[in-house]
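Undergrad: The following block contains a protein sequence and its predicted model.
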Amino acid sequence: MIDEIHMKPFDWLSEYRERLDDEGRLVRDADHQGLTPARRLRLEAEDWGAAARIAAAMGLRHAGVFADPPDLAPPAQTSTLPDDEEPTITLRAVLEQQGDYLVLETQVPLALPELPSQTPWYPGLDRLERHAQDLVGVRFTDHPHPHRWTRHQAWREGRFPLRADFPLAGEDQRRTQADRDYPFEALTGDGVYQIPVGPVHAGIIEPGHFRFHAEGETVLQLEARLGYVHKGIERLAVGRDAVGLARLAGRISGDSTVAHTWAACQALERASGCEVPARALVLRGLLCERERVANHIGDIGAICNDVGMAFIHMQCARLREDWQRASQAHFGHRLLMDRIIPGGVAVDLDAAAVATLRAEHEAMRRAIAPIFAIVDELPSLADRLLTTGHLQTKDARTLGCTGYVAKASGLGFDLRRDAPYPPYDALAVEVPVQQEGDVAARVRMRMHEVRQSLNLMDELLRRLPDGPIAAELPAASAGAIGLGLVEGWRGEVLAFVRFRNDGRIARYFARDPSWFTWPALERLIHGNIVPDFPVCNKSVNASYSGQDL
Amino acid sequence: MSSSLTLLGWLLALLQALLYLALAPLLVGWVRLVKARLQGRRGPSPLQPYRDLRKLFNKDTRVAHTASPLFIIAPYLVLVATWLAAATVPLLALELPTAVIADLIVLAGLLALGRVFLALAGMDVGTAFGGFGASREMLVSALAEPAMLMAAFTLAMTAHSTNLSSVMATHLAEGLVVRPSYLFAFAALVLVAIAETGRLPVDNPATHLELTMTHEAMLLEYSGRHLALMEWAAQLKLLLYAVLIANVFVPWGIATTLTLGALLLALVAILTKLVLLGAALGLAETLFAKLRLFRVPNLLNLALLLGLLGLLSHVILEVGA
């Protein structure tokens, strides 16, 4: 397999196992075919919390947790399990250090799906666990905030949309009730008042509710309430074929369509043992970098606009629009949706297009130089962006942030360098970090990534090999699982797939990096003034749709 | 003064007041056009604010369930107070019958009256946005008003009157003399004008972000006719300050006799001054990002200091000279 060439030794895995053994935790190795390059360990459900405690003590990063319920009835058979075996829910947690991934797995009986929470040691998991609780019905016994998260009022308490007995169309077709009684954490004190913002905002952005507690203009506490764009992605994935799943993944979050589709395809290909042609891999890299450039340029402009610097906003908007029109011209879609397909890519470049793209990259370099210089140097902008929205390295690490949010706070993790998948395995991706952790650092990080992506794209075009652009996806074996890990523009995008007996999808979970950057926003806003929230929010720009699923 | 001349004077005063109402949207449209061009956009026609007002007047006016009668009368009061204030500032001619009330203190008082109702209306419905908008408006105006009065007193000390007409007439009679006190007062008044009219870098009139708003936050609950009146009042206020600065510091062109020729010249002169001032505002708004909220007091303290320096320099340099 392609991936095995780049496997590095897991120098922390034996220590982790030793520590688990020392505590008398029963650990079994499991076959990691499909999950490659990740390893896989099986645990007892009661050791789930202890495993997180030990991992946190070793400084491992938690990359997310998701539950896998018993199969919804596929057309041919009723269950993947022998009749005498009790149906179970499988939980998987992904840990990472030094670019090496470990999947922890445990099972709880469907009849009594209870296990310890990992949130006490990894606060970033808070909402992921509650998501599993709302959709699959797993109960985390010592969860610090056990109330609902993804469930608003669209389905009743005690009903779980990912369980086999829940109808695809939903149970109740009446108009959904307003979500009134969500228990926000209250803060009381002299002069403390609440500001409810959203879910409908004035700008063209996604819906989400923010509950501020402020004293004068100072923010004392921010709590986000998301889930307004819950689309039932995970349920819609069930029973799809590979091509259908890739299309669905591309619609999780429009601005990350390439990253999510790529991650899903990577998972599908690893699960079924598909060898993707080299040309397709390079083209995927090109698409992903194009997405990164488009989003960063748009966001840099939007950040400046939030502090009243409309000039930069307009220039960046123009550049982004030109860029997306070029995407349409070369690849057939402004946002590059559905350009990546299982087994390869859907669109090829001819020699003329390669030359045009090179020229466009050069033109973009020239166009951004004076704009980025203003962003870097204008005193009145610096006055607004420096020291605003400071995210401590400690918080970024505890929450498991990746991407520019983490890099601006001193955490230099980038899959393209630390766990490189093709085509990045052949490229040298530098990952500089900023230590400041403020809005200005996140802007600088994004400007750096734009320039870097332009160079990477030139390099990819230089290395574009001849050959086919897609391979046939082999039929996956029953129950085959795969893990996809891609460095999207927001950071690490994770996708998990499991196949059913009939070659269709039994389970798909996509973990957008926003799961961890939303809580980061709640921490970095602390002590800032209310009117600085929009620029802090924009500098993080977590996806609503990507985390609501 | 003969009775026919007085009648003509009153007619002109009325015309001038109506001209304020008519020109106010155009100045905003012009500033927006300048900004759009400087940002590299084509931008809407400078007549767009008129179309927006017409649209708002034709729309349904919705009032929140929690609103008190104050919420409904506030737009009228704010517009009338601002309009009256504007009418006291000579636009085309000095020596009009209204010159008697054209007093800087009256002007500040009328503007304060409008602001009080604006802030009350902002808090009336009980939303968080209106509340902090009102709170920020009061923070800004509490600091801007003393600075404005300082600048006004500087002018008044030269003219020995707080009457605007006299101030302008004095300046006109003196000819082209550079008075240090006027330069300080000019700088102070420009800063006050920027803060009071909610322009960058104090407030961003183009933003959609409720949390960052000051003036707009108080208007969020308004719709239709009410919103149109509030918008119009804000446009009037911008025009008022622009004319104040233009005619006090550069009074040349304003009609001192009520002849047709002089009045036409005055119209051309004031339009030219407004075009230049509007362009300068557009340029400044393009060059600067918005200040962090708690830096705004520093800016207004600077305005107050400039006003004081104006007073001092008048006493030290100009008295007896």
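TA: Sure, I can see it.

Undergrad: Check the offset of the longest helix along chain B from the chain's centre.
TA: For chain B, the helix with the greatest residue count under DSSP state H is helix B:3-38. Taking the mean C-alpha point of helix B:3-38 and that of its whole chain, the gap between them comes to 12 Å (C-alpha atoms, centre = their mean, to the nearest Å).

Undergrad: which residues touch the closest residue to chain A within the stretch 201-321 of chain B?
TA: Of all residues in the stretch 201-321 of chain B, the one sitting closest to chain A is residue B:290 (3.1 Å; C-beta to the nearest C-beta). For glycine as for every other residue, the C-beta is placed from the backbone atoms N, C-alpha and C. Residue B:290 makes contact with A:307, A:308, A:309, A:384, B:200, B:201, B:202, B:203, B:204, B:212, according to C-beta atoms under 8 Å, 6 or more residues apart in numbering or on different chains.

Undergrad: let's see 6 Å
TA: Neighbour list for residue B:290: A:307, A:308, B:200, B:201, B:204 [criterion: C-beta atoms under 6 Å, 6 or more residues apart in numbering or on different chains].

Undergrad: so the residue nearest to it when sequence neighbours are not counted, which of the three states?
TA: The shortest distance from residue B:290 to any residue other than its chain neighbours is 3.1 Å, reached at residue A:308 (C-beta to C-beta, 6 or more residues apart in numbering or on different chains). What DSSP: H, G, I helix; E, B strand; the rest coil gives for residue A:308 is coil.

Undergrad: For stretch B:39-58, buried residues please.
TA: For stretch B:39-58, the buried set under the neighbour-count rule, 16 or more other C-beta atoms under 10 Å in any protein chain shown, comprises B:39, B:41, B:43, B:46, B:49, B:50, B:52, B:53, B:56.

Undergrad: Low-confidence stretches in the chain?
TA: Because you didn't say which chain, this covers chain A. Along chain A, the parts satisfying pLDDT under 70 run over A:1-9, A:72-84.

Undergrad: I was thinking of chain B, sorry if that wasn't clear
TA: B:1-5, B:320-321.

Undergrad: Surely residue A:62 is in contact with residue A:121?
TA: No. With contact taken as C-beta atoms under 6 Å, residue A:62 and residue A:121 are classed as non-touching, separated by 8.2 Å.

Undergrad: Looking at the two, which one has more neighbours?
TA: More crowded of residue A:62 and residue A:121, by other C-beta atoms under 10 Å in any protein chain shown: residue A:62, with 25 against 18.

Undergrad: who touches the residue nearest to residue B:290 in this structure?
TA: Residue A:308 makes contacts with B:200, B:204, B:289, B:290, as judged by C-beta under 6 Å, 6+ apart.

Undergrad: Pick out the most distant pair among the residues you listed.
TA: Using C-beta to C-beta, the pair of these lying farthest apart is B:204 and B:289, separated by 9.3 Å.

Undergrad: Kindly indicate which of the buried residues of stretch B:39-58 lies nearest chain A.
TA: Chain A has its nearest neighbour among the buried residues of stretch B:39-58 in residue B:39, at 4.2 Å by C-beta to the nearest C-beta.

Undergrad: Please, which helix or strand holds the residue of the stretch 351-500 of chain A found nearest chain B?
TA: Scanning the stretch 351-500 of chain A for the residue nearest chain B gives residue A:380, at 4.2 Å (criterion: C-beta to the nearest C-beta). Assigned by DSSP states H and E, residue A:380 belongs to helix A:379-385.

Undergrad: Now do residue B:59 against chain A, distance only.
TA: When C-beta to the nearest C-beta, to the nearest Å is the yardstick, residue B:59 and chain A sit 18 Å from each other.

Undergrad: and that residue, how many residues sit next to it?
TA: The criterion is other C-beta under 10 Å. On that basis, residue B:59 has 13 neighbouring residues.

Undergrad: Would you confirm that it contacts residue B:224?
TA: Yes. Residue B:59 lies in contact with residue B:224 (C-beta under 6 Å); the separation is 4.2 Å.

Undergrad: now residue A:195, which residues is it bridged with?
TA: The residues paired with residue A:195 through beta bridges, assigned by DSSP bridges, are residue A:212.

Undergrad: where do the helices sit along the stretch 201-321 of chain B?
TA: Per DSSP state H, counting those that start in this stretch, the stretch 201-321 of chain B has helices spanning B:215-219, B:224-249, B:260-287, B:296-313. These are given in chain order.

Undergrad: hey, which of those helices is tucked in deepest?
TA: Comparing the helices of the stretch 201-321 of chain B by mean neighbour count (mean count of other C-beta atoms under 10 Å in any protein chain shown), helix B:215-219 ranks first with a mean of 25.

Undergrad: hmm, who's touching it?
TA: For helix B:215-219, the surrounding residues in contact (C-beta under 6 Å, 6+ apart) are B:118, B:122, B:129, B:130, B:133, B:134, B:198, B:203, B:230.

Undergrad: residues in the stretch 301-450 of chain A within reach of chain B, list them.
TA: Of all the residues in the stretch 301-450 of chain A, those in contact range of chain B (C-beta under 6 Å from any C-beta of the partner chain) are A:307, A:308, A:309, A:310, A:311, A:314, A:380, A:381, A:384.

Undergrad: which residue packs closest to residue 23, ignoring adjacent ones?
TA: Unless you meant another one, I'm taking chain A. With C-beta to C-beta, 6+ apart as the measure, residue A:50 is the residue that lies nearest to residue A:23, at 6.2 Å, once sequence neighbours are left out.

Undergrad: The intended chain is chain B.
TA: Distances taken as C-beta to C-beta, 6+ apart put residue B:239 closest to residue B:23, at 6.0 Å, once the chain neighbours are dropped.

Undergrad: That neighbour and residue B:22, how far apart?
TA: Here the distance between residue B:239 and residue B:22 works out to 10 Å (C-beta to C-beta, to the nearest Å).

Undergrad: What's the nearest residue in chain A when you look at chain B?
TA: The shortest separation between chain A and chain B is 3.1 Å, found at residue A:308 (distances taken as C-beta to the nearest C-beta).

Undergrad: dump the residue contacts of the nearest residue to residue B:164 once chain neighbours are set aside.
TA: Distance criterion C-beta to C-beta, 6+ apart; nearest residue to residue B:164, sequence neighbours excluded, is residue B:102 at 4.3 Å. Remark: with contacts taken as C-beta under 6 Å, 6+ apart, residue B:102 is in contact with B:88, B:163, B:164, B:165.
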